[in-house]
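Asks: Need coordinates for the following:
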Amino acid sequence: MAPSAPLAGITILDAAQGIAGPWCAALLGLQGARVIKVEPPAGDWGRGIGMSREGMNALAAAVNPGKESVVLDTATETGRAALARLAERADMVIESFRPGVSARIGLDPAALRAANPALVFVSVSGFGAEGPYRNRPGTDTVIQAISGMMQMNRESDGTPRPIPMFAVDMLTGLHAAHLSLAALYRAKATGEGAHVQVPLLDCAASFQAIHMLEEYVTAGAPAVPPTVPSGVFPTADGYLRVTSVSEKTFAAICEALGKTEWLNDPEYARLDARVRNADRLNALVGGIIAGDTTAAWLAKMEPAGVLCAPVNDYDALRADRHAVETGLFQTVDEPALGPLPIPRPPGIAVPLSPAPRLGADTDAVLADFGFDAEERAALARH
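Replies: Now for the predicted structure:
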């Protein structure tokens, strides 16, 4: 990493597992920090999610780029002491255990901050350090359920439905990154570190603030579409998302569809009228769009200023000319999985590096931190 990188010279001990904490550490690593991922002998449990080959999978590759992996057995006293010794020399420690667990494995935040007052200690957990649920484990799907996210995303028959991706984990990683950066900035300015708490539930709730407030202020009122026409419409060869957010964008849709007479039709000319006639207008729009291909509609709609996009799968996004020309994806050579097209986080100009194999850097990192050959051999035996 170039010395000019924003976080060059910062050392982060990533003792977190899964997604949220490791993703936070990865984002900071991509800004120049040295990230040392500490794992138990069996490895971060995230390495076993989904299809895994030689201890590597899509999850590990996505949330651990460029890190160093150190294996320590914190079930032993020597392993716990070694972990604490690494943490004492770090600028930041990230963990993702239930409250109290980190102290039992050698990461006591109070003791570490007493030895290193400028240390930023980041705790990612399901429910935080306080409250009746503080000792409950909280995975992405558990938090989706309790936070209302599954109910918000319910099927048309009312059946709650999870968002089929690690949405809560990934956004929690983002929150943890910006909170830890603020704490690190303060620590460098004042010499005073902090213990940053990042609960998944809090992140999931704040993420849904608009939907929650909309439901609250319209309590009991029939649901109405916020904009019309809007929706995902079948084309002759795929699907197209079209959105109207103002009278200007409605006019653009009418122009692209060849239906400028709608602009003077009292049933469609104003938003309140379009909302009352939403089903009929969306059906008319859908009937027209079904008659041509996605590409043909894009060629008509984009010049007219319509808010629209093809409904891509991941292969189509990777092949999209904008994604190609802007370098949205970078191919990373992962020995166990082959070349992987990984989307580059926004604002990151440095090349992405592969995620580490389990324990690949144990001896080198311990040597860097002052462990002599005898100490390293003793830890390897455990």
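
Asks: only C-alpha atoms for contact and neighbour calcs from this point on.
Replies: Fine.

Asks: Tell me, please, where in the stretch 1-150 of the chain the pLDDT is lower than the cut-off.
Replies: Low-confidence segments of the stretch 1-150 of the chain (pLDDT under 70): 1-3.

Asks: burial measure for the closest residue in space to Thr74 that isn't next to it in sequence, as a count.
Replies: Nearest residue to Thr74 in three dimensions, chain neighbours excluded: Arg80, at 4.7 Å (C-alpha to C-alpha, 6 or more residues apart in numbering). Arg80: 18 surrounding residues under other C-alpha atoms under 10 Å.

Asks: where exactly do the strands run in the chain?
Replies: Under the criterion DSSP state E, the chain carries strands at the ranges 11-14, 34-39, 52-53, 56-57, 68-71, 92-95, 120-125, 194-199, 231-234, 239-243, 307-310, 329-334, 338-343.

Asks: Include mean neighbour count and distance to Lys259 when you put those into a markdown table, please.
Replies: Listed next are the strands of the chain as a markdown table, based on neighbours: other C-alpha atoms under 10 Å; distance: least, C-alpha to C-alpha, whole Å:
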| stretch | mean neighbour count | distance to Lys259 |
| --- | --- | --- |
| strand 11-14 | 25 | 58 |
| strand 34-39 | 25 | 57 |
| strand 52-53 | 14 | 53 |
| strand 56-57 | 21 | 50 |
| strand 68-71 | 24 | 59 |
| strand 92-95 | 26 | 57 |
| strand 120-125 | 27 | 53 |
| strand 194-199 | 20 | 50 |
| strand 231-234 | 18 | 17 |
| strand 239-243 | 19 | 15 |
| strand 307-310 | 18 | 17 |
| strand 329-334 | 17 | 39 |
| strand 338-343 | 14 | 39 |
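
Asks: mind giving me CSV with the ones you listed and columns for distance to Ala377?
Replies: Listed next are those as CSV, based on distance: least, C-alpha to C-alpha, whole Å:
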stretch, distance to Ala377
strand 11-14, 21
strand 34-39, 17
strand 52-53, 28
strand 56-57, 26
strand 68-71, 13
strand 92-95, 25
strand 120-125, 29
strand 194-199, 33
strand 231-234, 60
strand 239-243, 60
strand 307-310, 57
strand 329-334, 29
strand 338-343, 33
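
Asks: so how far is Ile10 from Val275?
Replies: From Val275 across to Ile10, the span is 54 Å (C-alpha to C-alpha, to the nearest Å).

Asks: Tell me which of the strands of the chain approaches Phe371 most closely.
Replies: Among those, strand 68-71 comes nearest to Phe371, with 13.1 Å by C-alpha to C-alpha.

Asks: And that closest one, what does it pack against?
Replies: Strand 68-71 sits against strand 34-39, helix 362-368, with contacts defined as 3 or more C-alpha pairs under 8 Å, 6 or more residues apart in numbering; DSSP states H and E.

Asks: outside of the shortest one, which residues touch it?
Replies: Spelled out, that is strand 34-39. Contacting residues not belonging to strand 34-39 are listed as 8-16, 25-26, 29, 66-72, 358-359 [C-alpha atoms under 8 Å, 6 or more residues apart in numbering].

Asks: Partner strands of it, with direction?
Replies: strand 11-14 (parallel), strand 68-71 (parallel) (DSSP bridges).

Asks: And the helices in the stretch 1-150 of the chain, which stretches?
Replies: 20-29, 58-63, 77-88, 101-104, 109-115, 140-146, 149-152 (DSSP state H, counting those that start in this stretch).

Asks: Pull out the CA atoms of the fourth one and give them to me as CSV.
Replies: Listed in CSV are the C-alpha atoms of helix 101-104, where the atom choice follows Å, rounded to 0.1, in the frame of the first residue of the first chain:
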residue,chain,number,x,y,z
VAL,A,101,-16.8,-13.1,25.3
SER,A,102,-14.0,-11.0,24.0
ALA,A,103,-12.5,-10.5,27.5
ARG,A,104,-12.5,-14.3,28.0
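
Asks: Can you give me the buried ones in it?
Replies: For helix 101-104, burial by neighbour count (16 or more other C-alpha atoms under 10 Å) applies to 102-103.

Asks: Can you tell me what sits against it?
Replies: Contacts of helix 101-104 (C-alpha under 8 Å, 6+ apart): 95, 108-109.

Asks: Ala209: which of the residues you listed is nearest?
Replies: For the contacts of helix 101-104, the nearest to Ala209 is Glu95 (26.8 Å; C-alpha to C-alpha).

Asks: check contacts around the closest one.
Replies: Counting by C-alpha under 8 Å, 6+ apart, Glu95 has contacts 14-17, 21, 102, 122-124.

Asks: tally of neighbours for the nearest residue to it once chain neighbours are set aside?
Replies: Using C-alpha to C-alpha, 6+ apart and skipping residues adjacent in sequence, the residue nearest Glu95 is Ala16, 4.1 Å away. Neighbour count of Ala16, defined by other C-alpha under 10 Å: 26.

Asks: Isn't Ala16 up against Ile94?
Replies: Yes: using C-alpha atoms under 8 Å, Ala16 makes contact with Ile94 at a distance of 5.9 Å.

Asks: Which neighbours do these two have in common?
Replies: Contact criterion C-alpha under 8 Å, 6+ apart; residues shared by Ala16 and Ile94: Val124.

Asks: before we move on, the earlier item: can you list the strands paired with strand 34-39 in CSV and add distance to Arg318?
Replies: Below are these laid out as CSV (distance: least, C-alpha to C-alpha, whole Å):
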stretch, distance to Arg318
strand 11-14, 30
strand 68-71, 29
